[in-house]
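A.B. asks: The sequence isn't on hand, but the structure is:
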């Protein structure tokens, strides 16, 4: 995979007249683009009737863009099954949780487990592979588009039961790990096992959609495995029939998408790609796309591609418009966090269909306007800095743990709004980044030995092996920071028969003996004790700790547990473990992490509001990339960054970081 920077755009030749293709290809080349993405939604044009393929038009389009020097990524079109396929096999339509089938007319209107759909997929992907698998103009394949969705059809129920049989082999094991003696849910036949959600009971029913937690967690695992299996069906065909130099990828949806175990999905790909729409977070926090970028890079610990990068206003019910300068800023943010390809969505705003308001580089009239000129300037800037980013990688001394079982389990039983998985991880991430630290977002199975600190914001589901790995890390000299609701469930989503945090209680030197769950805006104050001089607040959820070898570094000032430990630490071998007993906002986490990580000797760089710093390293040394997301000029040490601007400097020392 090339590590040189390149920019591209998504183009849909089937949506525009043939005579326009050459015009667009020339405009792309003149703007400085080097790549184009084609074909991902064109199934009805590629196979207009069952088994009848019309690929010549796509071959012609590939040739038009290649003649202008653009490399081509081809998408397999399975995200948009054609009407004739649905008419022949209506059973492929996915069924919603309420029992209704999703009608034709959107996208991803398929169940990945239906044999008829899988056969049709093999046919169209095989035809494309035969035509383009040895094509020098094609550098990569994108599988489907933004895989996702849970199906509740009879076919999925049958497949789920087979999945359980393969996983557990015995119903006795299922009954044991799910604890089906509760409410007399024991099974004596695999066919008795339902999907965890069906038609909701009437609104007055207090147990609406409350399945067995073990069954519900396994169903989410099954859904993830089904979608990954559907991706693997396509990658197998492509790897058998295509040149090895053609890479295989898929456009993931960033950190905030929680339906698929992206760690498992990434293992099937040559390169991880993702779609970056910063304004879909209405808060417009710079930390949202930054967290997604680091999480996607962490899936394979390797550079990534952005296959859909927001370029203009977008939305359905409400349009969200980027500021002047956001195209440049978000492009550089993606690059700083590891993107080596940034492909804008889309080249030209659609005249028809659902995404008429998802604006492209050109408007629907096809004229080159302000966004096109902005793109030309960005492309020229990327070209001028390409050498600096050749071989560059993020310098991260902190790992943030990300666990899909915990995420799935908290989705099933949220417990308290303040404990939401995505927001909890993002608050810790943003606090660390506000201190100027590079952060890797990694699986609990990752090698942690290279990090000076590991932060585990939401390890709700845990097992003995993971706990042992964390203990080995801490005892080997690392700083391990745990947050509330750690070790609450085992991998079967059952509560362990041991004190919380289960399997970490002795390592942390404490036990959780009680907790308070209040409204998310309900706050209790905490204050540092001893050498930790700070004040903060916990919101929504906070716990009472009994110290069994740990010592308090902060206590509750008020509330139910006033005077007891709110933050505790314990020496563990050559390292230490810190436990935060409640849900904290970013300001409190900044104050806490500044003390913990500063004491651990990490190079902190407190940043002005709205400024992001990304530590980098290439073969020539360390660099620091500064991005100002604010509309006012900001200064970091001796470096001034213009509004919505960037600055690349030679390292942390160059900005004369103030002592912390």
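C.D. replies: All right, it came through fine. Computed from a predicted structure; not experimentally measured. Residues are numbered from 1 along each chain as shown.

A.B. asks: what separates the helix or strand of the chain with the lowest mean pLDDT from the chain centre, distance-wise?
C.D. replies: The weakest-scoring helix or strand in the chain, judged by mean pLDDT, DSSP states H and E, is strand 393-394 (a mean of 92). Centroid separation between strand 393-394 and its chain, computed with Cα atoms, centre = their mean, to the nearest Å, is 18 Å.

A.B. asks: Partner strands of the helix or strand harbouring residue 306 and their direction?
C.D. replies: Counting by DSSP states H and E, the element that carries residue 306 is strand 304-310. Paired neighbours of strand 304-310 in the sheet (DSSP bridges): strand 273-276 (parallel), strand 339-345 (parallel).

A.B. asks: can you list contacts of the least confident helix or strand of the chain?
C.D. replies: The contact list for strand 393-394, computed with Cβ atoms under 8 Å, 6 or more residues apart in numbering, reads 294, 297, 303, 337-338, 438, 440, 614-618. Placement of C-beta: from N, CA and C, glycine included.

A.B. asks: before we move on, what about stretch 422-431?
C.D. replies: 255-256, 258, 285, 287-288, 290-291, 294, 400, 402, 407, 418, 439, 441, 455, 457-458, 483, 583-586, 589-590, 592-593.

A.B. asks: Adding secondary structure and distance to residue 102 as columns, could you present the contacts of strand 393-394 in CSV?
C.D. replies: Below are these laid out as CSV (DSSP: H, G, I helix; E, B strand; the rest coil; distance: Cβ to Cβ, whole Å):
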residue, secondary structure, distance to residue 102
294, helix, 33
297, helix, 33
303, coil, 36
337, coil, 35
338, coil, 35
438, coil, 42
440, strand, 37
614, strand, 40
615, strand, 45
616, strand, 44
617, strand, 47
618, strand, 47
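
A.B. asks: Just the buried ones among those residues, please.
C.D. replies: 294, 297, 303, 337-338, 438, 440, 614-616 (16 or more other Cβ atoms under 10 Å).

A.B. asks: which among those gets closest to residue 372?
C.D. replies: The closest of these to residue 372 turns out to be residue 337 (Cβ to Cβ; 25.5 Å).

A.B. asks: quick one on the thing from earlier: make a ChimeraX selection of whichever of the contacts of stretch 422-431 turn out to be buried.
C.D. replies: Filtering the contacts of stretch 422-431 down to the buried ones (16+ other Cβ under 10 Å) takes a single ChimeraX command:
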select :255,256,258,287,288,290,291,294,400,402,407,418,439,441,455,457,458,483,583,584,585,586,589,590,592,593
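
A.B. asks: among the contacts of stretch 422-431, which are in strands?
C.D. replies: Among the contacts of stretch 422-431, the residues falling in strands (DSSP state E) are 400, 439, 441, 455, 583-584.

A.B. asks: and residue 89, how many neighbours?
C.D. replies: A count of nearby residues for residue 89, using other Cβ atoms under 10 Å, gives 17.

A.B. asks: contacting residues for it?
C.D. replies: 114, 116-117, 120.

A.B. asks: cool, and residue 516?
C.D. replies: Counting by Cβ under 8 Å, 6+ apart, residue 516 makes contact with 524, 541-544, 559-561.

A.B. asks: ranking the residues you listed by neighbours, who comes first?
C.D. replies: Comparing these by number of neighbours (other Cβ under 10 Å), residue 542 comes first, having 29 neighbours.

A.B. asks: Now do the SS call for it.
C.D. replies: Counting by DSSP: H, G, I helix; E, B strand; the rest coil, the backbone at residue 542 sits in strand.

A.B. asks: Correct me if wrong: it contacts residue 567.
C.D. replies: No - assessed by Cβ atoms under 8 Å, residue 542 is found out of contact with residue 567, at 10.9 Å.

A.B. asks: shared neighbours, the two?
C.D. replies: residue 581.

A.B. asks: pLDDT (mean, whole number) over whatever helix or strand residue 428 lives in?
C.D. replies: Element membership of residue 428, judged by DSSP H and E, is helix 421-434. Helix 421-434 carries an average pLDDT of 98.

A.B. asks: Where do the helices of the stretch 351-500 of the chain begin and end?
C.D. replies: Per DSSP state H, counting those that start in this stretch, the stretch 351-500 of the chain carries helices over the ranges 370-389, 404-412, 421-434, 464-475.

A.B. asks: Show me the one of those that comes nearest residue 212.
C.D. replies: Residue 212 sits nearest to helix 404-412 of all the helices of the stretch 351-500 of the chain, at 9.7 Å, using Cβ to Cβ.

A.B. asks: pLDDT on that closest one, on average?
C.D. replies: 97.

A.B. asks: Contacts for it next, please.
C.D. replies: With Cβ under 8 Å, 6+ apart, helix 404-412 has contacts from 211, 213, 216-217, 220-221, 224, 258, 261-263, 419-422, 458-461, 489, 491, 493.

A.B. asks: make it 7 Å
C.D. replies: Helix 404-412 is contacted from outside by 213, 216-217, 220, 258, 261, 263, 419, 421, 458-461, 489, 491, 493, using Cβ atoms under 7 Å, 6 or more residues apart in numbering.

A.B. asks: and what of stretch 223-240?
C.D. replies: Residues outside stretch 223-240 that contact it (Cβ under 7 Å, 6+ apart) are 76, 112-113, 118, 121-122, 125-126, 129, 141, 143-144, 147, 150, 159, 163, 248, 250, 259-261, 264-265, 268.

A.B. asks: got a list of what the residue positioned nearest the centre of the chain touches?
C.D. replies: Centroid-nearest residue in the chain: residue 255, 2.1 Å away (criterion: Cα atoms, centre = their mean). For residue 255, the contacting residues are 291-292, 295, by Cβ under 7 Å, 6+ apart.

A.B. asks: quick one: the helix ranked longest in the chain to helix 404-412, angle?
C.D. replies: Taking DSSP state H as the criterion, the chain has its longest helix at helix 213-241. Helix 213-241 and helix 404-412 are oriented at 130 degrees to each other (axes from the mean of the first three to the mean of the last three Cα atoms, to 10 degrees).

A.B. asks: What's the first helix or strand after helix 213-241?
C.D. replies: strand 247-249.

A.B. asks: and that following strand, what does it pack onto?
C.D. replies: Judged by 3 or more Cβ pairs under 7 Å, 6 or more residues apart in numbering; DSSP states H and E, strand 247-249 is in contact with strand 138-142.

A.B. asks: so for the strand it packs on, what's the average pLDDT?
C.D. replies: Averaging the model's pLDDT scores along strand 138-142 yields 98.

A.B. asks: in its sheet, what does it sit against?
C.D. replies: strand 71-75 (parallel), strand 247-249 (parallel).

A.B. asks: Buried deepest among those, which one?
C.D. replies: Ranked by mean neighbour count under mean count of other Cβ atoms under 10 Å, the strands paired with strand 138-142 are led by strand 71-75, which reaches a mean of 24.

A.B. asks: quick one: contacts of the following helix or strand past that strand?
C.D. replies: The helix or strand immediately downstream of strand 71-75 is helix 83-88, counting by DSSP H and E. With contact meaning Cβ under 7 Å, 6+ apart, helix 83-88 is reached by 49-50, 92-93, 104, 120.

A.B. asks: got the angle for the helix or strand following helix 83-88 vs strand 138-142?
C.D. replies: Sequence-wise, the next helix or strand downstream of helix 83-88 (DSSP H and E) is helix 115-132. With the same axes, to 10 degrees applied, the angle from helix 115-132 to strand 138-142 works out at 170 degrees.

A.B. asks: Start the count at 27 instead of 1 going forward.
C.D. replies: With the count now opening at 27, the last piece we talked about shows up as helix 141-158.

A.B. asks: So among the contacts of stretch 249-266, which ones count as buried?
C.D. replies: Going by neighbour count (16+ other Cβ under 10 Å), these have 102, 138-139, 144, 147, 151-152, 155, 167, 169-170, 173, 176, 185, 189, 274, 276, 285-287, 290-291, 294 buried.
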